[in-house]
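Student: 3D model of this:
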Amino acid sequence: VPSPGPGRPGRPLRWESSFSQPGTTESDPSEGQVFLSESCVKRLLEIAEGSEFLRLQVEGGGCSGFQYKFSLDTVINPDDRQGQRGMDSGGARVVVDMDSLGFVKGSMVDFRQELIRSSFQVVSNPQAEKGCSCGTSFSVKF
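Tutor: Numbers count the residues shown, from 1 in each chain. I've put the predicted structure just below:
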């Protein structure tokens, strides 16, 4: 029986960041949050093997100044923030480094399948002023 919480069809799952340090597991909501769509969780569970998780990074470049970079990873670095939504996500995890989190907090990570490509994408980014038509780069609000 599906839970009536945020994991219902059509509703995003919320991931609150937490600092990954030995012995520290508390989540500090003031550090920012990222939302995961159901399609993101579903696809991540299909492709991640073992201890793999989705890493989201923001780098300089692209046609708008900054670009999103997604990769599968297995190593948690000291400056990473990680999230896991237990029962709601079936163990799907997304990790964002602190520098990148400032550029994506409040965003949603989605997985989209289109005729010419399938990809993870950051959508509804409140930190972005504008983006390119392909959705991989953006400029920051000042």
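Student: Run through the neighbouring helices and strands of the strand or helix carrying residue 34.
Tutor: Assigned by DSSP states H and E, residue 34 falls within strand 33-36. Here strand 33-36 touches strand 13-16, strand 93-97, strand 108-113, going by 3 or more Cβ pairs under 8 Å, 6 or more residues apart in numbering; DSSP states H and E. Heads up, the C-betas are built off the backbone N, CA and C, glycines and all.
Student: so where's the protein uncertain?
Tutor: Applying pLDDT under 70 to the chain picks out residues 1-31, 83-89, 130-139, 141-142.
Student: can you give me the helices in it?
Tutor: Applying DSSP state H to the chain gives helices spanning 38-47, 86-89, 98-104.
Student: Show me the one of the ones you listed that comes nearest residue 126.
Tutor: Of all those, helix 98-104 sits nearest to residue 126, with 9.3 Å by Cβ to Cβ.
Student: For that closest one, give me every contacting residue.
Tutor: The contact list for helix 98-104 (Cβ atoms under 8 Å, 6 or more residues apart in numbering) reads 17, 31-32, 34, 56-58, 66, 68, 79-81, 96, 122, 125, 127-128, 140.
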